[in-house]
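Trainee: Provide a 3D model corresponding to the input given below.
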Amino acid sequence: MNYGFVFDNRKCIGCHACSTACKSENQVPLGVYRTWVKYTEVGNFPYVRRNFQVNRCNHCANPPCVEICPVSAMHQREDGIVGYDADQCIGCKSCMQACPYNSIYIEPESGTAQKCHFCAHRVERGMEPACVVVCPQHAIIAGDLDDPRSEITKTIAQHNVTVRKPEQGTCPKTFYIDGHQAALTPEVTKGKSKHFIWADVTQENLTEAEESAEPTLYFGPGEQMVQTSFNAQHKVPWHWPVPAYLVTKGVSAGIFMLLAAASIYGWTPLNPVTSLIAGLISIVFALLTTLFLVIDLEKPERFLRVVLRPQFKSWLVRGAYILIAFSNLVGLWWLLELLAHLGWFDLNLSLIRPAVMIIGFPLAMGAAMYTAYLFGQAEGRDFWQSPLLPLHFLVQSVLAGSGMMLLAGHLLPLDAAFVEICRHAFGISLGVNLMMILLGEFGMHHATTNAKAAAEIMTQGKYKQLFWIGAMGLGNALPILLLILDAGAAAGLAALAGLYIYEHIFVMAPQEVSNS
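Mentor: Below you'll find the predicted structure:
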């Protein structure tokens with residue numbers, strides 16, 4: 001069995017019977033959608049054509065939402081249906097970022113991810129999905145793609161069919177007859193219009209393209225007018241806790257990498273007070289990282305399922321194990337340092353410390369970089385797919401850790417030689433970070449229109465002032481100037497503030513590029 005859908009756009013009349021039947025059958029609340037009809041209009045008056053397209057989960061053969069889900073709440077059944085288990089979902093919203101089609105939503109009442117599940121409860125009883133039964137034009141066909149005698153197989157064989165975003169490699173099993181580019185490709189209309197024919201567009205759900213656009217006048221292929229006149233609105237899944245966690249994780253890992261490098265390579269002997277202060281700051285920011293991760297969950301009480309019921313293909317799970325190993329190692333080492341400093345136990349740290357530093361250094365690097373691979377699994381956000389991202393996060397971690405040490409060295413009795421090492425690391429990482437942003441993330445050509453749109457939103461659109469004044473000015477140019485003026489503490493503080501601003505833009509802007 002290998003279930004799929006065919007939508008015949010030649011027959012669809014845009015009546016929304018499928019959407020209504022879906023809501024009724026599955027008790028879908030208002031404001032969220034498992035299936036919806038998108039209206040697009042193409043042409044120049046008086047020769048204008050309206051296209052109707054039904055959008056929903058594509059039940060991909062290679063579903064990215066399944067791979068990224070940390071607890072297997074999203075899963076692929078043997079019959080090809082991509083289903084979900086609301087009882088297992090922790091509400092991390094990673095699946096929403098992985099889906100290139102905007103097909104997953106957070107159910108307002110349960111706080112769990114849900115979507116079209118092919119009316120599996122009906123299919124298992126030999127019935128068709130509710131949308132198929134109710135369609136007055138028989139424009140929706142559902143069936144077994146592996147059965148050569150099924151209607152869906154015959155229909156696909158007899159017609160030229162298209163799918164949404166084939167370049168994503170998800171192998172979608174929702175096919176369209178007479179699918180129009182204006183409806184299949186969101187970038188053709190540069191997002192949703194400010195005004196729909198049957199509904200209002202709420203301001204909180206407008207993307208940058210929609211906020212800045214003139215009233216629904218776009219031009220697509222052949223210089224014909226293209227506009228979206230109705231579509232479903234989708235909220236941004238991730239908010240401030242995610243950029244905050246990127247910064248706190250960077251500080252924690254960066255500080256330990258500096259301690260470990262100074263110890264392993266013998267740059268300076270670490271006195272007990274410096275080790276205790278730097279180690280404590282690292283631990284505090286590691287705990288803050290965990291706090292922000294939990295805060296961002298829709299079901300925070302289920303957080304432990306990430307480690308108790310893990311799905312190991314997800315980098316959310318792999319990252320959780322890396323963070324746990326790193327935090328426990330640093331915490332145990334710090335406790336031993338404290339006990340030895342207080343004289344409660346006669347410990348020979350000359351043997352323990354090198355082992356901790358050698359083991360902890362790659363763990364700290366892993367903690368700094370793993371989120372790049374999690375973002376890489378978020379296939380719905382092309383801008384996050386940069387191969388530079390792991391290295392960039394590593395550089396940002398050194399920048400954050402050294403900046404925090406410069407600030408702490410101004411307030412606390414840190415070893416002067418270690419602070420000087422942090423000063424050099426800060427200056428180098430600041431320059432590398434600036435080059436990676438301007439010459440790498442934004443200087444290189446973006447492979448997809450989705451990624452290009454996100455970059456334009458960051459540098460030329462909604463976030464341009466935050467980017468150039470906050471991230472580039474406050475976070476890079478000013479720290480370089482302050483470092484030259486020997487104001488290390490102020491430089492560190494400015495860099496940390498600018499880094500958060502950059503991470504905020506980096507997380508938010510790609511989410512504002514419409515996937516449907």
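Trainee: how does the chain divide up, domain by domain?
Mentor: Under the assignment automatic domain parsing, the domains of the chain span 3-189, 241-511.
Trainee: Can you add distance to Asp200 and give those back as CSV?
Mentor: Glycine gets a C-beta too; all of them are placed from N, C-alpha and C. Formatted as CSV, those follow (distance: least, Cβ to Cβ, whole Å):
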stretch, distance to Asp200
domain 3-189, 13
domain 241-511, 21
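Trainee: Out of these, which gets nearest to Thr228?
Mentor: Nearest of those to Thr228, taken as Cβ to Cβ: domain 3-189 at 4.6 Å.
Trainee: Centre of the chain to that closest one, how far?
Mentor: Relative to the centre of its chain, domain 3-189 is centred 22 Å away, using Cα atoms, centre = their mean, to the nearest Å.
Trainee: now do stretch 431-438
Mentor: Here stretch 431-438 is found 22 Å from its chain centre; the criterion is Cα atoms, centre = their mean.
Trainee: could I have it exported to CSV, CA atoms only?
Mentor: The C-alpha trace of stretch 431-438 is given here as CSV (Å, rounded to 0.1, in the frame of the first residue of the first chain):
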residue,chain,number,x,y,z
GLY,A,431,36.9,39.7,12.4
VAL,A,432,36.1,36.2,11.2
ASN,A,433,32.5,36.5,12.2
LEU,A,434,32.2,39.8,10.3
MET,A,435,33.7,38.3,7.2
MET,A,436,31.5,35.2,7.3
ILE,A,437,28.4,37.3,7.5
LEU,A,438,29.2,39.8,4.8
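Trainee: Report the mean per-residue pLDDT for it.
Mentor: Across stretch 431-438, the average pLDDT comes to 94.
Trainee: State the pLDDT value of Phe45.
Mentor: 80.
Trainee: give me phi/psi at it?
Mentor: Backbone geometry at Phe45, expressed as degrees, to the nearest 10, gives phi -50, psi 140.
Trainee: again with Thr185
Mentor: phi -110, psi 110.
Trainee: can you pull the pLDDT of it?
Mentor: pLDDT, Thr185: 88.
Trainee: What is the neighbour count of it?
Mentor: Using other Cβ atoms under 10 Å, Thr185 is surrounded by 16 other residues.
Trainee: if I look at it, how far off is Gly380?
Mentor: Using Cβ to Cβ, to the nearest Å, Thr185 is found at 14 Å from Gly380.
Trainee: Repeat that for Val395.
Mentor: If you go by Cβ to Cβ, the gap between Val395 and Gly380 works out to 26 Å.
Trainee: Check Phe303 too.
Mentor: For Phe303, the distance to Gly380 - Cβ to Cβ - is 23 Å.
Trainee: More neighbours: these two, which one.
Mentor: The residue with more neighbours, out of Phe303 and Gly380, is Gly380; 26 against 17, by other Cβ under 10 Å.
Trainee: how about the closest residue to that one other than its chain neighbours, secondary structure?
Mentor: Excluding its sequence neighbours, the residue lying closest to Gly380 (Cβ to Cβ, 6 or more residues apart in numbering) is Pro100, at 4.5 Å. Here Pro100 is recorded as coil under DSSP: H, G, I helix; E, B strand; the rest coil.
Trainee: Near Pro100, how many other residues are there?
Mentor: Neighbours around Pro100, by other Cβ under 10 Å: 26.
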